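Student: After the sequence you'll find the predicted model.
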Amino acid sequence: MSNKENNNTRTLEDLERTIDEKFRDNYHSSIWDSGLIDLAIYGFAIIFAVYHLWYSLTFAIPRSRHGIVHLGLVLSLWGLIQMLSVDRTTLRGKLATVGYGLYSVASVIPLYVIQSNYDSIVVAAGIYSDTYVYLGILVIALVFIALLHISRLISGIALFGLVYSYFGPMMPGILAHRGLTPRRIITMNTVEMQGLFGTLLQISATWVVIFLLLAGLMEKYGGMATFIKGMTRLAARRKYIEIGQVAVAASMFMGSINGSTAANTATTGAFTIPLMKENGYRPKVAAAIEAVASCGGQILPPIMGAGAFLMAELIDPNYSDIVLGAVAPALLFFLTVAVSISLTTSHNVSKNIETTADSRGVMKRVFDIVRHYEYLGMFAVLLWWLIGVGADPMVAGFYSIVVLMGLRLLRVVSDIARGKGDAKPELKLFLRTTLEGLRRGAEATLDITILLASLGIVIRALIVTGFAQQLSSYLVLLSGGEVVIMLFLAMLAAIAFGMGMSTTAAYMIVAVLVAPSLVNIGVDEFSAHMFVFYFAIVSNITPPIALSVIIGQGIAGSDFWETAIEALRLGFPMFLLPFAFFYNSALLSPGVMTVVAFLLVFAGFIAISIGLTGRAGGKIPSLVRPVFIALGLGAIFVPSVIGQTLITAIILASLVYYLRPNQISRFWATTG
């Protein structure tokens, strides 16, 4: 091998060391060496986790009451964490520290009073004293202070919800309504246990928080590094690894949990984009792959960026039905993106990650998987409670956390018994990683809770004023009752409403404003919500905003429009999938026909990928590319299984024709 080839090659072991350096933490200093604020946050994180674990086991108080306690803990912890972000050596920093400290205390007081008087407030049924109105004003103000630090966009939207509620008579067209009094606006968003204290806060306080605590523990126990290394070995071919596939695996795993494509692009992309560039990917391609993969993570069961939890609360199918129905579309997306990445990068990646064929026996390879029993056990318990038992997701999350911590401790004890480490430092490390995991999970909950609670204000305003119902009727009227036109209008509306928002925020807006219009013309409720859910996510790679693309190209140093075009080309399945499972309903209804529909639609997506990239083993003629795209669309949308099958057969025959010369060339190259 030449020197140039040596310089352009990295080994699998090098990559795994890079993954460990990125995702594994080293704790060189004692936790007691942390400052007082850090110690307070650790203590608060323990209280936060213990309380939510207790609630997930007992459900001792009503969900709305639990949501109030949760919000109080979240706002107070947010204030403590903000104290770490200021420079306490300056006068301004010292004043800010005092301010955030007072905020933490002030956050507890009104929510404690409301929670303590919950029963009397519920009984009051609309007749509230001035004290509760003032407390409601204070809670809204506290939430807005935190919200301004998290998202100016959502702050503006939430503020619009309050302003719109009052100025209804001055609004034009379908925006007009009778208007609400300031007192009514405050009470309907707080002490009526709706709006700020409504369904969205309760979902965050139950289903979302338990999974974020689980994700925090997994990350700090090394589960993230283990998962990515496992996916790296799966991506390893006989000789080379396509690092783009590893980036997709990492992003889909993290994206499914964190509920924000932008946040996922920023965090995971900080690792995957430079890694792809180091291995010969063009900057615009590396950024596009990460942006698309981060969007895809939001559709990956069982969490779907909290979308599955929200959907289960809003529509009839239970959580397990939603998760099972979402599997086939998610697999279609990731398999198609994987193929698109291979077609896009096979001819222009200048570096390779080299590995050797695995010479181990089957049993040794099985053992290499089974030895990560704490993660396998956790996932088995999670799936059993979610799908096998059909339990509340919070219960499933509780038992998963208990099993993960128990099996992790078992690993530590067994390692000590086998002489792989000393008892005291190993046990201290277990306690430290557990504590760090609980803190990580608690911190991850803050932004999502504050965003969801504030969106409750908007949703409440849209429903009470009647705007949501009017918009739904207006879209139906505009479409003339034609399903295809209605689908395109719903697509445009979902993309527009979802721009610049997190998955949870975008979905809740479109679920209230757009999905009902589809249901009103006869679209199945689950299909309607999945349709708008996908397009709310895809807004993150749709210009002119395309927030995930902006973040990705910023990390990669590429041009925005070039990166956006690349992202649209790689992410095209997400634009077609909502229409695909509308015209192929079996994709959302697990059964025998799901397999048939999956294979036919997948063949269509492969054909479209070939048409968009212009490659199938090698470069294909330009005139043939539109033919592949047309065949792909036919395989997906022809309203007959027989017709879809015939078109799929043509696609397969075309693939054999274009791949055969390359296969022969590779055969002679390896044998001659």
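Tutor: That came in fine, so what should we check first? Numbering: from 1, shown residues only.
Student: dump the residue contacts of residue 470.
Tutor: Counting by Cβ atoms under 8 Å, 6 or more residues apart in numbering, residue 470 touches residue 174. Backbone N, C-alpha and C define where each C-beta goes, glycine included.
Student: For it, give its distance to residue 334.
Tutor: 39 Å (Cβ to Cβ, to the nearest Å).
Student: residues of stretch 453-471 that come out buried?
Tutor: 453-462, 464-465, 467-471 (16 or more other Cβ atoms under 10 Å).
Student: excluding its backbone neighbours, what's nearest residue 299?
Tutor: Spatial nearest neighbour of residue 299, excluding adjacent residues (Cβ to Cβ, 6 or more residues apart in numbering): residue 330 at 5.1 Å.
Student: I'd guessed that neighbour sits against residue 300; true?
Tutor: Yes: with contacts counted by Cβ atoms under 8 Å, residue 330 reaches residue 300, the gap being 5.1 Å.
Student: More neighbours: the two, which one.
Tutor: residue 300 (23 against 20; other Cβ atoms under 10 Å).
Student: Can you report how many residues lie near the closest residue in space to the more buried one that isn't next to it in sequence?
Tutor: Excluding the flanking residues, the one nearest residue 300 by Cβ to Cβ, 6+ apart is residue 256, at 4.1 Å. Neighbour count for residue 256, taken as other Cβ under 10 Å: 26.
Student: Verify the stated contact: residue 256 with residue 298.
Tutor: Yes: with contact defined as Cβ under 8 Å, residue 256 and residue 298 form a contacting pair (7.0 Å).
Student: Which neighbours do these two have in common?
Tutor: 304, 305.
Student: Just give the closest residue to residue 106, not the sequence neighbours.
Tutor: Using Cβ to Cβ, 6+ apart, the nearest residue to residue 106 is residue 142, at 6.7 Å.
Student: my bad, should have said residue 401
Tutor: Residue 401 sits nearest to residue 214 (Cβ to Cβ, 6+ apart), 5.3 Å away.
Student: name the element the one you found belongs to?
Tutor: helix 209-221 (DSSP states H and E).
Student: Which parts of that helix count as buried, going by neighbours?
Tutor: Neighbour-count burial for helix 209-221 [16+ other Cβ under 10 Å]: 209-221.
Student: got it, and stretch 557-566?
Tutor: For stretch 557-566, by 16+ other Cβ under 10 Å, it's 558, 560, 562, 563, 564, 566.
Student: Was I right to think the residue nearest to residue 106 contacts residue 75?
Tutor: Yes: using Cβ under 8 Å, residue 142 is in contact with residue 75, at 5.7 Å.
Student: so what sits against both of those two?
Tutor: Both residue 142 and residue 75 are in contact with 103, 107, where contact means Cβ under 8 Å, 6+ apart.
Student: tell me the contacts of the residue nearest to residue 300?
Tutor: So residue 256 contacts 297, 298, 300, 301, 303, 304, 305 (Cβ under 8 Å, 6+ apart).
Student: what pLDDT does residue 641 get?
Tutor: pLDDT for residue 641: 90.
Student: Leaving out chain neighbours, which residue sits closest to it?
Tutor: residue 596 (6.9 Å).
Student: can you count the residues close to that neighbour?
Tutor: Neighbours of residue 596 under the rule other Cβ under 10 Å: 15.
Student: Count the residues that sit near residue 35.
Tutor: Using other Cβ under 10 Å: residue 35 sits among 11 other residues.
Student: show me where pLDDT drops low in this protein?
Tutor: Within the chain, the ranges that satisfy pLDDT under 70 run 1-12, 15, 231-242, 258-259, 345-370, 660-672.
Student: picking up where we left off before, would you convert the contacts of residue 256 into TSV that also reports distance to residue 322 and secondary structure?
Tutor: Converted to TSV, these look like this (distance: Cβ to Cβ, whole Å; DSSP: H, G, I helix; E, B strand; the rest coil):
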residue	distance to residue 322	secondary structure
297	17	helix
298	14	coil
300	13	coil
301	8	coil
303	11	coil
304	8	helix
305	13	helix
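Student: can you give me how far stretch 535-547 is from the chain middle?
Tutor: Distance of stretch 535-547 from the chain centroid (Cα atoms, centre = their mean, to the nearest Å) equals 14 Å.
Student: And it, what's buried?
Tutor: Buried residues in stretch 535-547 (16+ other Cβ under 10 Å): 535, 536, 537, 538, 539, 540, 541, 542, 545, 546, 547.
Student: can you give me the helices for the stretch 351-500 of the chain?
Tutor: Remark: helices assigned in the stretch 351-500 of the chain by DSSP state H, counting those that start in this stretch are 362-370, 373-383, 393-417, 423-464, 467-479, 483-498.
Student: would TSV of those helices with distance to residue 309 be doable?
Tutor: Converted to TSV, the helices of the stretch 351-500 of the chain look like this (distance: least, Cβ to Cβ, whole Å):
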stretch	distance to residue 309
helix 362-370	29
helix 373-383	14
helix 393-417	6
helix 423-464	10
helix 467-479	21
helix 483-498	18
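Student: can you tell which of those helices is closest to residue 263?
Tutor: Checking the helices of the stretch 351-500 of the chain against residue 263 by Cβ to Cβ gives helix 423-464 as the closest, at 8.1 Å.
Student: Just list what whatever helix or strand residue 108 lives in packs against, helices and strands only.
Tutor: Following DSSP H and E, one finds residue 108 within helix 91-116. Using 3 or more Cβ pairs under 8 Å, 6 or more residues apart in numbering; DSSP states H and E, the elements in contact with helix 91-116 are helix 63-84, helix 130-150.
Student: tell me the most buried of those helices?
Tutor: helix 63-84 (a mean of 22; mean count of other Cβ atoms under 10 Å).
Student: now that one and helix 130-150, what's the angle there?
Tutor: Helix 63-84 and helix 130-150 are oriented at 50 degrees to each other (axes from the mean of the first three to the mean of the last three Cα atoms, to 10 degrees).
Student: mind checking how far residue 506 is from residue 539?
Tutor: Distance from residue 506 to residue 539, by Cβ to Cβ: 7 Å.
Student: between the two, what contacts are shared?
Tutor: Among the neighbours of residue 506, those also in contact with residue 539 (Cβ under 8 Å, 6+ apart) are 494, 497, 498.
Student: Now for the nearest residue to the second one once chain neighbours are set aside: which residues touch it?
Tutor: This means residue 497. Nearest residue to residue 497, sequence neighbours excluded (Cβ to Cβ, 6+ apart): residue 509, at 4.7 Å. By Cβ under 8 Å, 6+ apart, residue 509 lies in contact with 455, 458, 459, 497, 498, 501, 536.
Student: so which of those would you say is closest to residue 43?
Tutor: Nearest to residue 43 among the contacts of residue 509, with distances taken as Cβ to Cβ, is residue 455, at 30.2 Å.
Student: Verify the stated contact: that closest one with residue 507.
Tutor: No: if you go by Cβ under 8 Å, residue 455 and residue 507 don't touch, sitting 10.0 Å apart.
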